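>>> Sequence and predicted structure, then a few things I'm wondering about:
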Amino acid sequence: MAEHHQQSQQRGEQQLQNDSFKNFFQENGPSSSKVLAVVTLLPVGGTLLVLAGMSLIGTLVGLAIATPIFMIFSPVLVLAALVIAGSIAGFLTSGAFGIIGLSSLSWIANYLRGMRGSMSQQLDQAKR
């Protein structure tokens, strides 16, 4: 008898849990716009995932084919890579120095024109 009472109590608790889940999903269920977004974006995401996998496979195949060629021509390629890296570093450095120089000249011009306030005014603006 005690087992029957315990089983009926468990069934009642399960029924309450099922009803609360149903009520939760009925009240807070996804809107039609969310369902439409998921239905639309799943094929797009799947297609992009397939394309990413194909590009990875293509990259690995290309690397497997090109590795022997790199090994044969490595003395020439290493020097060429060093020259290209050095020229890129030179261009980037010259650009950075140019930007620094122009910003310095701009700051000096603004300072001489009196566009910059006194240090106390700048501190007051920073406190605000």
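Structure's in. What do you need? Numbers count the residues shown, from 1 in each chain.
>>> Any regions of this structure where pLDDT drops low?
In the predicted model of the chain, residues 1-29, 112, 115-123, 128 satisfy pLDDT under 70.
>>> Check the gap between Pro75 and Ala81 for me.
11 Å (C-beta to C-beta, to the nearest Å). Using the backbone N, CA and C atoms, a C-beta is placed for each residue, glycine as well.
>>> In terms of neighbours, single out the busier of these two.
Ala81 (11 against 8; other C-beta atoms under 10 Å).
>>> those helices in the protein, which residues are they?
2-27, 32-72, 74-113, 119-127 (DSSP state H).
>>> Helix 74-113 and the longest one, what's the angle between them?
Going by axes from the mean of the first three to the mean of the last three C-alpha atoms, to 10 degrees, helix 32-72 is angled at 120 degrees with respect to helix 74-113.
>>> what about Gly46, how many neighbours?
By the measure other C-beta under 10 Å, the count of residues near Gly46 is 10.
>>> Okay, it and Gly90: tell me how far apart.
Taking C-beta to C-beta, one finds Gly46 at 45 Å from Gly90.
>>> repeat for Gln125
40 Å.
>>> do the same with Leu77
Taking C-beta to C-beta as the measure, Leu77 falls 20 Å from Gly90.
>>> of those two, who's got more company?
Leu77 (13 against 10).
>>> Now do the contacts for that one.
Leu77 makes contact with Phe70, according to C-beta atoms under 8 Å, 6 or more residues apart in numbering.
>>> Please apply the same query to Phe70.
When contacts are taken as C-beta under 8 Å, 6+ apart, Phe70 is in contact with Leu77.
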